[in-house]
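Trainee: model this:
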Amino acid sequence: MSTVNHQILLVSRPQGEASVDNFKLVEQPLPTVNELADGQVLVKHNYLSLDPYMRGRMNDSRSYADPQPLNAVMLGGTVGEVVLSKHPKFAVGDPVLGMGGWQEYSLVDAHVRGAIHKVDTRHIPLSAYLGAVGMPGVTAWYGLVKIIAPKAGETVVVSAASGAVGGVVGQLAKARGCRVVGIAGGADKCQYVVNELGFDACVDYKAHTDPKSLYAALKEATPNGIDGYFENVGGAILDAVLLRMNAFGRIAMCGMIAGYEGQALPMQNPALILVSRLKIEGFIVSEHPEVWPEATQELGAMVAKGQMKFKESVAEGLASAPEAFLGLLKGKNFGKQLVKLS
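Mentor: Down below sits the predicted model:
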């Protein structure tokens, strides 16, 4: 086992767009087993999750979560294996899920409830616990099931449809008998969404850069209007969707990645919320721990049976994390963005 832990710290707040200069790669010595306190576990990370929400936490501004502290390891989900343990419930070699952050190892107090979880990798790949069977998957499940609550035959639209959350939303909606339309950037992503994930149609927003063209493409894909919309992007895409929403439609507001670098996102036709009597609800999945057992049971079963497909973009090595994260914010990833650490 290595004696050194490499870490990436946030060392400055972004001014506008985030850059690699906001991060710093450092190293720290690793503890030996004799240096672990009772209940502590040392985890070697195999994969690090990169997610859009991290951009908001880089700012020192009002949000649903505290800002990422400066000169501290960037926060983030990880999966790996126990390499040292002084906790009776965790043995060396156990595969685990946690919030280990942007580093190769993490020292965890396993007495803290929820700090670390064992996972079953017999039928589910370890990396899937950061994607389809992890926080992104449960996010998709909650927004669709609890907010949109679709009925068979309804039309559900998903933005960022080829991403870790959007792809799960669409497949869950198809399993419930819905017509599912994705919105994604690029012909390759749209082909994947339709041909691999099983969506009924996909609108390539990069091929429709003016509002009239985007609306026309969305209208063609949603001949019966839109009953439910899962929002990951905002901006011009939300404006186009609002024009197609049916009366009493439901919108789950998960993300607004079009504004994550500080851009204003004015709505062109907010009166449509009233005219169409829409339900719009924002949510943070970490505030709903009660749904995780039900959600992960359905998601895990679908993945294990091959009924839930997912794609991963994998960057190699911790040092690649900042560039991979910045690419994620610009839509350069294809599916769930991970960093392989070992």
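Trainee: May I see the buried residues of stretch 9-29?
Mentor: For stretch 9-29, a neighbour-count test (16 or more other C-beta atoms under 10 Å) marks 9-10, 14, 18, 22-23 as buried. From N, CA and C alone the C-beta is placed, and that goes for glycine too.
Trainee: er, stretch 180-192 I mean
Mentor: Within stretch 180-192, judged by 16+ other C-beta under 10 Å, the buried ones are 180-185, 189-190, 192.
Trainee: Please flag which of those residues sit within helices.
Mentor: Counted as lying in helices by DSSP state H, out of these, are 189-190, 192.
Trainee: the strands in the stretch 1-150 of the chain, which residues?
Mentor: 4-10, 23-29, 40-49, 72-73, 78-85, 95-98, 105-109, 116-118 (DSSP state E, counting those that start in this stretch).
Trainee: quick one: which of those is nearest residue 237?
Mentor: strand 40-49 (24.4 Å; C-beta to C-beta).
Trainee: so how far is the closest one from its chain's centroid?
Mentor: The chain centroid and the centroid of strand 40-49 are separated by 19 Å under C-alpha atoms, centre = their mean, to the nearest Å.
Trainee: Phi and psi next, for residue 203.
Mentor: When read as degrees, to the nearest 10, the backbone of residue 203 gives phi -100, psi 120.
Trainee: That one: neighbouring residues, count only.
Mentor: 27 (other C-beta atoms under 10 Å).
Trainee: ok, it touching residue 190?
Mentor: Yes: using C-beta atoms under 8 Å, residue 203 is in contact with residue 190, at 7.4 Å.
Trainee: In contact with residue 318, which residues?
Mentor: Residues in contact with residue 318 (C-beta atoms under 8 Å, 6 or more residues apart in numbering) are 6-8, 25, 48, 102-104, 339, 341.
Trainee: how close does the residue lying closest to it once chain neighbours are set aside get to residue 34?
Mentor: Of all residues not flanking residue 318 in the chain, residue 6 sits nearest, at 5.2 Å (C-beta to C-beta, 6 or more residues apart in numbering). From residue 6 across to residue 34, the span is 23 Å (C-beta to C-beta, to the nearest Å).
Trainee: isn't residue 205 right up against residue 215?
Mentor: No: the criterion here is C-beta under 8 Å, and residue 205 misses it with residue 215 at 11.3 Å.
Trainee: So what's the gap between stretch 168-177 and the chain middle?
Mentor: Offset of stretch 168-177 from its chain centre (C-alpha atoms, centre = their mean): 17 Å.
Trainee: How about it, which residues are buried there?
Mentor: If you call a residue buried by 16+ other C-beta under 10 Å, then stretch 168-177 has these buried ones: 168-174, 176.
Trainee: So what touches that stretch?
Mentor: 132, 136-137, 140-141, 143-145, 148, 150-153, 156, 158, 161, 180, 182, 193, 197-199, 228, 230, 298-299, 302, 307-310.
Trainee: would you list the buried residues of stretch 180-192 in TSV and tack on pLDDT?
Mentor: Formatted as TSV, these follow (pLDDT from 0 to 100):
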residue	pLDDT
180	98
181	98
182	98
183	98
184	96
185	94
189	96
190	97
192	97
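Trainee: Taking those, tell me the two that lie furthest apart.
Mentor: Within the buried residues of stretch 180-192, two members stand farthest from each other by C-beta to C-beta: 180 and 185, at 17.7 Å.
Trainee: Nothing else from me, thank you.
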